[in-house]
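Got a predicted structure plus its sequence, pasted below:
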Amino acid sequence: MGCNAQSLPTAFCPRFHHAVELIGRRWTGAILRALLSGATRYTDVTTAIPGLSDRLLSERLRELEAEGIVVRTVIPEMPVRIEYHLTDKGQSLLPVLEAVSTWAEEWIDDVPTDGARRAVAVEQE
């Protein structure tokens, strides 16, 4: 059953709900932005996203790979190199992330980049 965003026929759409839950998971948006910006290696992504733990990055990359959004490539060198790339499905999220970025620039007040805000958010969860 499709859910036409143009006419919004029902309040609940399972596909929309799944998509929002997927890209709205903690750190997933930042990971997608890093990959869209050209980060390919695990360390590239961790460098691009301050505060992201190795455990959570690994978990999110596995989720995105399972959804067909990211492909993991093992390059048999010494040492072995692993790269992550967005699939066509993942690349197609670019306009979505651009729209969210535009909305955030207009409507979200400045957010501190230090751990203070994150600590408050974790306490509230």
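Here it is on my side, so go on. Numbers count the residues shown, from 1 in each chain.

Please spell out which residues along the helix or strand where L35 lies are buried.
Using DSSP states H and E, L35 sits within helix 28-36. If you call a residue buried by 16 or more other Cβ atoms under 10 Å, then helix 28-36 has these buried ones: 28-35. C-beta coordinates here come from the backbone N, C-alpha and C atoms, glycine included.

what helices or strands is the next helix or strand after it leaning on?
Remark: after helix 28-36, the chain's next helix or strand is helix 42-48, criterion DSSP H and E. Judged by 3 or more Cβ pairs under 8 Å, 6 or more residues apart in numbering; DSSP states H and E, helix 42-48 is in contact with helix 28-36, helix 54-66, strand 81-86.

For L94, find the nearest of those.
Closest to L94 of the helices and strands packed on helix 42-48 is helix 28-36 (Cβ to Cβ; 5.9 Å).

And the contacts of that closest one?
Applying Cβ atoms under 8 Å, 6 or more residues apart in numbering, the contact partners of helix 28-36 are 22-23, 44-45, 48-49, 52, 57, 60-61, 63-64, 69-70, 84-86, 90-91, 93-94, 97, 100.

now with 6 Å?
Residues from elsewhere that reach helix 28-36 (Cβ atoms under 6 Å, 6 or more residues apart in numbering): 45, 48-49, 60, 86, 94.

Okay, angle between it and helix 54-66 too, please.
On the basis of axes from the mean of the first three to the mean of the last three Cα atoms, to 10 degrees, helix 28-36 is oriented at 70 degrees to helix 54-66.

re earlier: mind putting the helices and strands packed on helix 42-48 in TSV, distance to I75 and mean pLDDT included?
As requested, these are exported to TSV (distance: least, Cβ to Cβ, whole Å; pLDDT from 0 to 100):
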stretch	distance to I75	mean pLDDT
helix 28-36	17	96
helix 54-66	16	97
strand 81-86	4	96
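
Any chance of CSV for the ones you listed, columns distance to F12?
Compiled in CSV, these are given as follows (distance: least, Cβ to Cβ, whole Å):
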stretch, distance to F12
helix 28-36, 22
helix 54-66, 23
strand 81-86, 29
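
G90 reaches I69, doesn't it?
Yes - G90 is within contact range of I69, at 4.0 Å (criterion: Cβ atoms under 6 Å).

who has more neighbours, these two?
Ranked by neighbour count (other Cβ atoms under 10 Å), G90 and I69 place I69 first, with 23 against 20.
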